[in-house]
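Undergrad: Next input, structure requested:
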Amino acid sequence: MGDRLTLTGSLTIHGEDRSITRQATGTEEIDCNSYGDPSSNAEAMALRRCCAKFGLGRDLWRKDKPQPLKMEQRQQQEKQPVLTPGTISREEWLKRKAGKAR
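TA: Reported below is the predicted structural model:
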């Protein structure tokens with residue numbers, strides 16, 4: 001289309017009972033000054049638009065994004081043991097044992 005490249009993309013998600021397809025277009029100027037070549041830019045735009053129609057990646061555009069944890073916070077989270085359901089920590093066990101001894 002003149003000095004623009006236009007592509008149509010199609011994304012299909014297969015389920016057990018049926019498949020759903022969404023289509024979208026992507027466009028880019030032939031002599032673009034942006035990163036990448038016109039065909040890959042138009043293809044990426046079409047894929048993003050297809051994903052948006054499914055609601056995939058919706059949180060990428062949220063304005064109130066959760067902030068990433070600082071290194072200290074990550075290390076503190078890693079130190080906390082993850083217990084399987086129905087189990088208690090050693091500290092909780094000792095607390096209960098001390099309560100029964102009274």
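
Undergrad: does G9 sit in a helix, a strand or a coil?
TA: strand (DSSP: H, G, I helix; E, B strand; the rest coil).

Undergrad: so what's it closest to, chain neighbours aside?
TA: A46 (3.1 Å; Cβ to Cβ, 6 or more residues apart in numbering). In short, each C-beta sits where N, CA and C put it, glycine included.

Undergrad: domains in this protein, as residue ranges please.
TA: 4-61, 71-101 (automatic domain parsing).

Undergrad: what sits up against the longest helix seen in the chain?
TA: Counting by DSSP state H, the longest helix found in the chain is helix 38-54. The set of residues that contact helix 38-54 without belonging to it, under Cβ atoms under 8 Å, 6 or more residues apart in numbering, is 5-11, 13, 20, 22-30, 32, 34, 36, 57-58.

Undergrad: Take the domains of the chain and lay them out in TSV including mean neighbour count and mean pLDDT.
TA: As requested, the domains of the chain are exported to TSV (neighbours: other Cβ atoms under 10 Å; pLDDT from 0 to 100):
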stretch	mean neighbour count	mean pLDDT
domain 4-61	13	88
domain 71-101	9	75
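
Undergrad: Relative to R22, how far out is the residue nearest to G9?
TA: 11 Å (Cβ to Cβ, to the nearest Å).

Undergrad: now swap in K65 and tell me
TA: 25 Å.
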